[in-house]
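S.K.: pasting the structure only:
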Ligand SMILES: O=C(O)CCC(=O)C(=O)O
């Protein structure tokens, strides 16, 4: 198994993201694939989305269209085992230090022939913290390529301010609309992964992904972490027993504050919606 390299650490700091090769060993990858196949069978039998499975429009037993498994670490043990594995946490530690807190998880599936686009956004706008040691690890359970809608990142954009993610009516739509210059979008780089590789992106970097028009599903298992002294700026009840757990090192007694910043607030977001649901409205314009 490979460890994160000094070049990848530098890429994370300079560009806001990195792709680490062969983080997940073959045995673990086989377990992840087996669990995903079992979950897909369950999803296929559903007619509507529920707390665990988010289904795309047009889903049916004959043509199952899974969009996301919410909070996978609370759904099957293997996901929590991977989220707390040395293979993953060693990479995270190289980037945000030895004291690491688990934030949340999701499995974005992007079904073949139709998995939707995810518009440009900064994760930090969804969950602002006292400093920027907030990152997402994306584990490819199958190959993620330009054809099947791999992650796209605008290199260096984590050094830009947090941009507005609300629409004209002031509703938080989870997507940058007007503030993104075309030449920034033109610089977007694909983060292609082989199964078992892991992308890591900082929560401030602007990213998104294209629709999946290929014949291959694109399951990306995402774990978000923060440094322990990186505290949430908004109080939200924990999503489940795993939210906020210290997964390596020690709990903090102090919050670390980044330099003065302005941060667009989200306004009333009382309903729990996925990024897919929030962005749908903005996409239709
Ligand atoms: O699944 C993807 O392509 C991107 C995921 C993402 O950016 C998110 O869920 O915040």
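M.R.: Nice, I can see it. Here the structure is a predicted model, which is why all the values come from computation and not from measurement. Numbering: from 1, shown residues only.
S.K.: Run through the residues that contact the residue nearest to residue 241 when sequence neighbours are not counted.
M.R.: Using Cβ to Cβ, 6 or more residues apart in numbering and skipping the chain neighbours, the partner closest in space to residue 241 is residue 74 (7.2 Å). The C-beta positions use only the backbone N, C-alpha and C, and glycine is treated the same way. Residue 74 makes contact with 80, 240, 241, 242, according to Cβ atoms under 8 Å, 6 or more residues apart in numbering.
S.K.: now the first one: how far from the ligand?
M.R.: Pointing back at residue 80 there. 19 Å (Cβ to the nearest ligand atom, to the nearest Å).
S.K.: One more: residue 132?
M.R.: Distance, residue 132 to the ligand, by Cβ to the nearest ligand atom: 16 Å.
S.K.: ok, now residue 39?
M.R.: 16 Å.
S.K.: Near that residue, how many other residues are there?
M.R.: If you count neighbours by other Cβ atoms under 10 Å, residue 39 ends up with 20.
S.K.: Enumerate the residues of the stretch 1-150 of the chain near the ligand.
M.R.: With Cβ under 6 Å from any ligand atom as the criterion, the stretch 1-150 of the chain meets the ligand at residues 108, 118, 123.
S.K.: Pull the contacting residues for the last one.
M.R.: So the one you mean is residue 123. Counting by Cβ under 8 Å, 6+ apart, residue 123 makes contact with 134, 136, 201, 203, 204, 224.
S.K.: So what does the fifth one look like in phi/psi?
M.R.: With angles defined as degrees, to the nearest 10, residue 204 shows backbone torsions of phi -90, psi -10.
S.K.: ok, so what distance separates the residue nearest to residue 241 from residue 174?
M.R.: 22 Å (Cβ to Cβ, to the nearest Å).
S.K.: returning to that earlier point: mind putting the contacts of residue 74 into CSV with neighbour count, secondary structure and distance to residue 45?
M.R.: Output for the contacts of residue 74, formatted as CSV (neighbours: other Cβ atoms under 10 Å; DSSP: H, G, I helix; E, B strand; the rest coil; distance: Cβ to Cβ, whole Å):
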residue, neighbour count, secondary structure, distance to residue 45
80, 19, helix, 24
240, 13, coil, 23
241, 9, coil, 27
242, 19, coil, 26
